[in-house]
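[1] Got a sequence here, can you model it:
(3 chains)
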Amino acid sequence: MANQGENNLKLGVFVLAGLMVLILAFYMIGKNHNLFGSNFAVKSHFSNLNGLTEGSNVLFSGIQAGTVKTIKLLNDTTIEVTLLIDDKVRAYIHKNAVTAIGTEGLMGNKIVNILPSPGESPRIEEGDLLASQKNINMDEMLQTLAKTNTNIAGISEALKITVLRINKSALMDLLNDDGIGKSLKSSLRHIDQTTANAGEMTNSLNTLVAQIKAGKGGAGILLADTGFAKNLQEAMLRIRMAGENADKLVTQLNRDLTGSKGPWNVLLKDSVAARNINRSLENIEKGTDGFNQNMEALKHNFLFRGYFKNLEKAKNKKNTSK
Amino acid sequence: MEAVIVIEHLYKRFGANVVLNDFSLEVGKEENVVVLGKSGSGKSVLIKCIIGLLRPDSGTIKVFGENIPDLNHEELDRMRTKIGFLFQGNALYDSMTVRENLEFSLRRHWIGFSQQKIDGLVMEALENVGLPHTVEMMPAELSGGMLKRVALARTMILQPEIILYDEPTTGLDPVTAREIDNLILKLQKKYHTSSIIITHDMNCVKNTADRVALLLDGKCYAQGKYDEFERSTDQHIKQFFE
Amino acid sequence: MKFTANIREFFGETGNLAEFTGRFFSIGIKPRFEIKELFNQCYLIGYKSLPLIALTGFIMGLVLTMQLRPSLVTYGVESQLPVMVGIAIVREIGPVITALIFAGKIASSIGAELGSMKVTEQIDAMEVGGTNPFKYLVATRVLATTMMLPVLTVMGDAICLFGAYIGVNIRSVTSFHLFFTQVFHSLSFGDLLPAFTKTFFFGFAIGIVGCYKGYNSTKGTQGVGNSANSAVVLSSVMIFLIDLLAVQFTDILGLN
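    Just a heads-up that it's a prediction; the model follows:
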């Protein structure tokens, strides 16, 4: 066994090389997970971790800054997460920084982002509690979308009811009622008659005066009587007043119909309100369209492809069974 | 004559196959006893029981007054320094050179031997069998007779007081077989050993035996000098001389 | 009745193997140790296996990367290829492939070597010569496989990852530094430790099965061949069984 020593040498090199690789691997992983080097701990409270685990990475403005050390349930809505932060970034994090749970890439691991906030604030210290930002995740997005959907459905339902109600309302009755028009017409006719009567009266008076002037009959004698003349004057005055009143009534009516105030006018003449209603309906239409587009986009997303395929299958099944 | 091996009422069976059935034998000091028997008659089992490789079902094997089956591992190891065993197939370690083969047994028993002394013992053993030039060769490079002689040298290097030979001449040509016989006798005279030789080769029996024992049906069927056996009219004994 | 005989044989074999393992712990790891022979076996078993492990590891890393790429491209996450390959290699493929190759090389050679030693009475000769063959032959080999396979696995992993790096660079270009950072960034101790720990058990199983089969070899050339063959088969099966146990165990420990 002359070469025993040489063999042992080769063996030693081999084993040491293996150990070196192993130690290097451990060191690299440890470095990534902040097991070596100095660091400090800060805390943050979340209501939902979305799958964040111990050992997850902590990023400060997108730079690797530490790892999640512990996760503790405080109560049913609060989870305390302790973050181990590298001492090197300590100087740059302020007390008003905000934490948020995010994702590496589209489908990657969960991470904690520490985001600086504008405004003056002292530097962070060991054990500080950082405010947390509610994060958006896919589930919640879908939930919100579903809520929006119900809202739109509610709005269109309400609009439908409103329109129906307008259709059936008393005002519409008023507009549609023939009787009212008739009585309005007859009122106007009455006024007309009164005026006509007044005209006739004036004519008769005119003939009477002419006869008197001619001195015919006993009436001429009566003219000398001043008392009679005074009575006649009063009667004339009254007739004139009646005529004036009738005139005033007609003008008033006219003004009421052409003026800008009052419910009649609103209903009959206001185009702005009508335009508004029109636009609301248009918006609703657009909103539904957009929602349709969203749903279509979701359908093409590979994540939900399976779900929608299933949905379609179920639909086809239903149709065929029908 | 003082007995070094006393075997009494030895039984050994493998399953339903009874190999040794009330076997008894004594071996005196500096005596060569040849155990004669047909193949498969249990000769190898007998000597493997003596060296402690197999454990008999019952009976005693006293070597220097100690019962082999009763010994624990350490005591057996110590006893084995006094007993040499020459295997039928030589059993040389084929991954080692001749020197390493010889050293292998040696360094177990006397740790603390200087390398010079070990070298001396190796060369002495090889000179005893006439093969000092093979010391750095591998067993695969040697012929059958040389292998047997190296195996004998490995057995003798421990200078045992008892040597058990398991068919030492089987598989060798007659000339080489006689050389081995003579070597056995020469070494026995030189180191004053007692031996049990297992064989069915009558020439070997004639050359080496002080006494012959016939193993038949698991028993010691007959014992006596070679001449007595040769003259015997017993048909079981006569078979071997035909 | 052949069926019951097979069942009996199976349980008998299992019991014998367990007893053999027990013997290793009761005899094999007590002094005196065969230090010199242990080093010799470590050299033969560990160092001499390195070229084979390196070759298979390199090819495995290369092929795995090229096979995984198309499906990752489909999902548009081609950039995650190093991460994917890194985790697959370190967690599962490295240890298991290395162990299987190792079993093929070492379990068969131990089975054949001890088998032929048994058949030519070399083991008996050793026993008679005052050397405990269990310590000298079995304990040294089992310890050598147990200690060498983890080292080989680590080296194999490293070479496999290098193969993966080449594989990534066949179709696109990535710097070694980026590849390296990506792989190690995705790994955690939970990936490396269980994978590393189980290789000790793989090595132990390969050694003990190889020795058991060789030590209990039957006479004749066929017996030796059977020992070598069944040593490889049984140790390969054992590797998968241990792998199964390991994954369950790490799952219970929460390291997954």
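[2] near chain A, which residues of chain C?
    C:36, C:39-40, C:42-43, C:46-47, C:50, C:75, C:77, C:80, C:150-152, C:154-155, C:157-158, C:184-185, C:187-190, C:192, C:196 (CB under 8 Å from any CB of the partner chain). Glycine gets a C-beta too; all of them are placed from N, C-alpha and C.
[3] Which of those residues are buried, as a PyMOL select command?
    For the buried members of those, the matching PyMOL selection, counting by 16 or more other CB atoms under 10 Å in any protein chain shown, is:
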select buried, chain C and resi 39+40+42+43+46+47+50+77+80+150+151+152+154+155+157+158+184+185+187+188+189+190+192+196
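[4] What's opposite the nearest residue to B:N67 once chain neighbours are set aside in the beta bridge?
    Ranked by CB to CB, 6 or more residues apart in numbering or on different chains and with sequence neighbours excluded, the top spatial neighbour of B:N67 is B:T60, at 5.0 Å. Beta-bridge pairing of B:T60 under DSSP bridges involves B:E8.
[5] which ones are touching B:T60?
    B:V6, B:I7, B:E8, B:H9, B:L10, B:N67, B:P69 (CB atoms under 8 Å, 6 or more residues apart in numbering or on different chains).
[6] Neighbouring strands - and their directions - for the helix or strand in which A:A41 is found?
    Per DSSP states H and E, A:A41 falls inside strand A:39-46. Using DSSP bridges, the strands paired with strand A:39-46 are strand A:79-86 (antiparallel), strand A:129-133 (parallel).
[7] need the longest helix for chain B.
    helix B:174-191 (DSSP state H).
[8] Just the buried residues of it, please?
    Buried residues in helix B:174-191 (16+ other CB under 10 Å): B:T176, B:A177, B:E179, B:I180, B:D181, B:L183, B:I184, B:L187, B:Q188.
[9] Would you tell me whether the helix or strand just after it gets close to chain C?
    Note on helix B:174-191: by DSSP H and E, the next helix or strand toward the C-terminus is strand B:194-199. No: judged by CB under 8 Å from any CB, strand B:194-199 and chain C are separated, with a smallest distance of 13.8 Å.
[10] Helices of the chain, start to end?
    Let's take chain A. A:4-32, A:138-168, A:170-176, A:178-214, A:219-224, A:226-258, A:263-269, A:271-300, A:302-321.
[11] nope, chain C
    C:2-23, C:35-45, C:50-74, C:81-88, C:94-102, C:108-119, C:122-128, C:133, C:140-171, C:176-186, C:189-215, C:220-253.
[12] Among these, which comes closest to A:R275?
    Smallest distance to A:R275 across those (CB to CB): 52.0 Å, for helix C:50-74.
[13] Can you tell me which helices and strands that closest one packs against?
    helix C:81-88, helix C:94-102, helix C:140-171 (3 or more CB pairs under 8 Å, 6 or more residues apart in numbering or on different chains; DSSP states H and E).
[14] JSON lines for these, including mean pLDDT and distance to A:N8?
    Formatted as JSON lines, these follow (pLDDT from 0 to 100; distance: least, CB to CB, whole Å):
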{"stretch": "helix C:81-88", "mean pLDDT": "90", "distance to A:N8": "34"}
{"stretch": "helix C:94-102", "mean pLDDT": "95", "distance to A:N8": "21"}
{"stretch": "helix C:140-171", "mean pLDDT": "94", "distance to A:N8": "13"}
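[15] which stretch among the ones you listed comes nearest C:E127?
    helix C:140-171 (15.7 Å).
[16] Help me see whether that closest one makes contact with chain B, please.
    No: contact of helix C:140-171 with chain B is not found when judged by CB under 8 Å from any CB; the minimum separation is 12.8 Å.
[17] can you pull the buried residues of that helix?
    C:140-165, C:167-168.
[18] That one relative to helix C:189-215, how many degrees between them?
    Relative orientation of helix C:140-171 versus helix C:189-215 (axes from the mean of the first three to the mean of the last three CA atoms, to 10 degrees): 130 degrees.
[19] Run the chain-centre distance for helix C:140-171.
    11 Å (CA atoms, centre = their mean, to the nearest Å).
[20] again, but for stretch A:93-108
    Mean C-alpha position of stretch A:93-108 versus that of the full chain (CA atoms, centre = their mean) differs by 30 Å.
[21] Can you point out the buried residues in that stretch?
    So for stretch A:93-108, counting by 16+ other CB under 10 Å, buried means A:I93, A:H94, A:A97, A:T99, A:A100, A:I101, A:G102, A:T103.
[22] so which two of these are the farthest from each other?
    The largest separation in the buried residues of stretch A:93-108, counting by CB to CB, is between A:H94 and A:T103 at 24.8 Å.
[23] coming back round to it: relative to B:V18, which of the helices and strands packed on helix C:50-74 is closest?
    helix C:140-171 (36.9 Å).
[24] what about the closest residue to chain C within chain A, how many residues close to it?
    Taking CB to the nearest CB, chain C has its nearest neighbour within chain A at A:G18, 3.5 Å off. Neighbour count for A:G18, taken as other CB atoms under 10 Å in any protein chain shown: 21.
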